[in-house]
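Q: attaching a predicted model along with its sequence, questions to come.
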Amino acid sequence: MSVLFFENKYYPSAKTGPRFDEDIGFHHEHGVAFQNEDAFFARSLNHGGDPHYLQIPAGTSITLRNWVEKSFGDSNPVESDYVPGTFYKRMWRPMGLGYNTTASPEKLTQSFVSLRILLNKLEDLFETLEPTESNLLAYGHKVRELILLACMEVESGWCAVLKENGYRSGIWTTKDYIKLRKPMCLDAYELSLQQYPKFPSFSPFKDWEEQKPTKSLVWYDAYNEIKHDREENLKLATLQNAVLAVGAAVVIFYSQYGSNLGPFTHDQKIPLIRSVFKTSVGFERYEREFYIPKLVLPLNSAFPVWTAINYPFQY
């Protein structure tokens, strides 16, 4: 089954009818199309709305690519190997309809308990060090402790995702961890401090580079330096690096479990995180990575079934 990402040349309409000469509403400039059983389907990538579809007439030779060109005017759609109705284990992304993460409630709770400890320690630190521009480079032993704990939690999340997706065994380093940047959309997350609007917003993974997978993460590089040589590098245990490291742990949590947690929405996990960090996510550049539900006709006849698969890492 192939998936085609297209540009809707007829926006805000699409073409339908036996000769594709009738207009129908499709209020999206970009979309994704695929075939399932005896029908073609097209839907928006990130803005909801009803899907456009065609039940393939018996005996016709029309292909999905033909249909996309006739319906949306795009003669050069981009093909993808993604299979609708699948999601990668423990990697949350936007999707048309919800799915259940493969992570157990026990793992989610354990991850949150660790994150809650970090958030509490960060707020305790703010009682001594106000997170203002003049204090960003203030450093000390308690700050170092928080950076160590936060980066250990980030590493734990990285390892858990790699392990659950069957990543090759061995001693993993940032050369392996950076392979999670794109599939988990890590550099799309931007954070700010909820109670301190003057503290500059930041994206913990924005500058992560394959050529420098450790050095390009300033807060993580500081963690390595203060872990291995405290006497020489205590000055790197700054308030700024502590905020960045705890923020990175928040991103790792969201990118595994999402921001609504499905059946877990009745507890206070997400509100507690939001009481410390405000999060915005720029998923626009990752639209082609979104999870797409596997639709069938008649529409709404059954809730889409999702299948968990391993992410195809390149070694």
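A: It's in. Numbers count the residues shown, from 1 in each chain.
Q: from here on, contacts and neighbour counts on C-alpha atoms
A: Fine.
Q: which residues does residue 16 contact?
A: Shown in contact with residue 16 (Cα atoms under 8 Å, 6 or more residues apart in numbering): 22-24, 71.
Q: what's opposite it in the beta bridge?
A: Here residue 16 sits in beta bridges with residue 22, going by DSSP bridges.
Q: tell me how far it lies from residue 5.
A: Counting by Cα to Cα, to the nearest Å, the gap from residue 16 to residue 5 is 19 Å.
Q: residue 158 too?
A: Distance from residue 158 to residue 5, by Cα to Cα: 30 Å.
Q: where do the strands sit along the protein?
A: Counting by DSSP state E, one finds strands in the chain at the ranges 3-7, 13-16, 22-25, 30-36, 39-44, 52-55, 78-80, 86-88, 189-193, 277-281, 307-309.
Q: who's in contact with stretch 274-289?
A: Here stretch 274-289 has contacts from 5, 45-46, 93, 119, 123, 183, 185, 188-195, 247, using Cα under 8 Å, 6+ apart.
Q: out of those residues, which end up buried?
A: 5, 45-46, 93, 119, 183, 185, 188-193, 247 (16 or more other Cα atoms under 10 Å).
Q: can you lay out the residues you listed as JSON lines showing distance to residue 315 and pLDDT?
A: Below are those laid out as JSON lines (distance: Cα to Cα, whole Å; pLDDT from 0 to 100):
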{"residue": "5", "distance to residue 315": "26", "pLDDT": "95"}
{"residue": "45", "distance to residue 315": "29", "pLDDT": "79"}
{"residue": "46", "distance to residue 315": "31", "pLDDT": "69"}
{"residue": "93", "distance to residue 315": "23", "pLDDT": "86"}
{"residue": "119", "distance to residue 315": "35", "pLDDT": "98"}
{"residue": "183", "distance to residue 315": "15", "pLDDT": "95"}
{"residue": "185", "distance to residue 315": "19", "pLDDT": "95"}
{"residue": "188", "distance to residue 315": "24", "pLDDT": "95"}
{"residue": "189", "distance to residue 315": "26", "pLDDT": "96"}
{"residue": "190", "distance to residue 315": "29", "pLDDT": "97"}
{"residue": "191", "distance to residue 315": "31", "pLDDT": "98"}
{"residue": "192", "distance to residue 315": "35", "pLDDT": "97"}
{"residue": "193", "distance to residue 315": "37", "pLDDT": "97"}
{"residue": "247", "distance to residue 315": "29", "pLDDT": "98"}
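Q: how about those residues in a markdown table, adding distance to residue 11?
A: A markdown table is the format used below for these (distance: Cα to Cα, whole Å):
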| residue | distance to residue 11 |
| --- | --- |
| 5 | 15 |
| 45 | 14 |
| 46 | 15 |
| 93 | 26 |
| 119 | 45 |
| 183 | 30 |
| 185 | 28 |
| 188 | 27 |
| 189 | 30 |
| 190 | 31 |
| 191 | 34 |
| 192 | 36 |
| 193 | 39 |
| 247 | 39 |
